[in-house]
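Novice: pasting the sequence and the predicted coordinates here, then a few questions.
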Amino acid sequence: MEYQVPQFIEVEDKIFGPLTWKQFVFIGGGIGLAVIIFLYLPFLIAVVLDVLVIAFSVALAFYKINNKSFVDILGAGFAFYTKGRLYLWKRVDKEETAVPVQMAPTPTREKLSLSGNKLHDLALSLDIQDRDNPADTSE
């Protein structure tokens, strides 16, 4: 028995011409709010606010950042600033430590020197393929 598997499930249906339901609501709400502002406020203030409202509604409807809608970005930003944060580290001041830690003095190292013969012998031992027979280097 065969079943049809739906494809392109991330694509929203176009309901109002070229607009999806969400886009239509954002654009319609922006236009409605712009008309209300225009009717109740003085002309210059209304024009400035209308431009901002229309730009915001167009951004909500069409603008995407990294294939995420502007609504999702605003929601994530709002959640970031309103929710608590979980810090997984804790700074410990020196006064709070109960037991002082004694550091052992670091031993001084003697200077290592490689003479030309030692360096040559080391390079030769790295080049040798057969470790059981160091004289046989040819293959």
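Specialist: Received it, and whenever you're ready, just let me know what you need.

Novice: quick check: the gap between Ala123 and Gly116.
Specialist: Going from Ala123 to Gly116 by Cβ to Cβ, to the nearest Å gives 11 Å. Backbone N, C-alpha and C define where each C-beta goes, glycine included.

Novice: oh, I was asking about Gly77
Specialist: Distance from Gly77 to Gly116, by Cβ to Cβ: 66 Å.

Novice: neighbour count winner among the two?
Specialist: More neighbours surround Gly77 than the other of Gly77 and Gly116, with 10 against 7 (other Cβ atoms under 10 Å).

Novice: torsion angles phi and psi at that one?
Specialist: phi -70, psi -40 (degrees, to the nearest 10).

Novice: can you pull the contacts of it?
Specialist: Counting by Cβ atoms under 8 Å, 6 or more residues apart in numbering, Gly77 makes contact with nothing.

Novice: please determine how far it is located from Asn67.
Specialist: Distance of Gly77 to Asn67, computed by Cβ to Cβ: 17 Å.

Novice: and stretch 123-134, average pLDDT?
Specialist: For stretch 123-134, mean pLDDT is 67.
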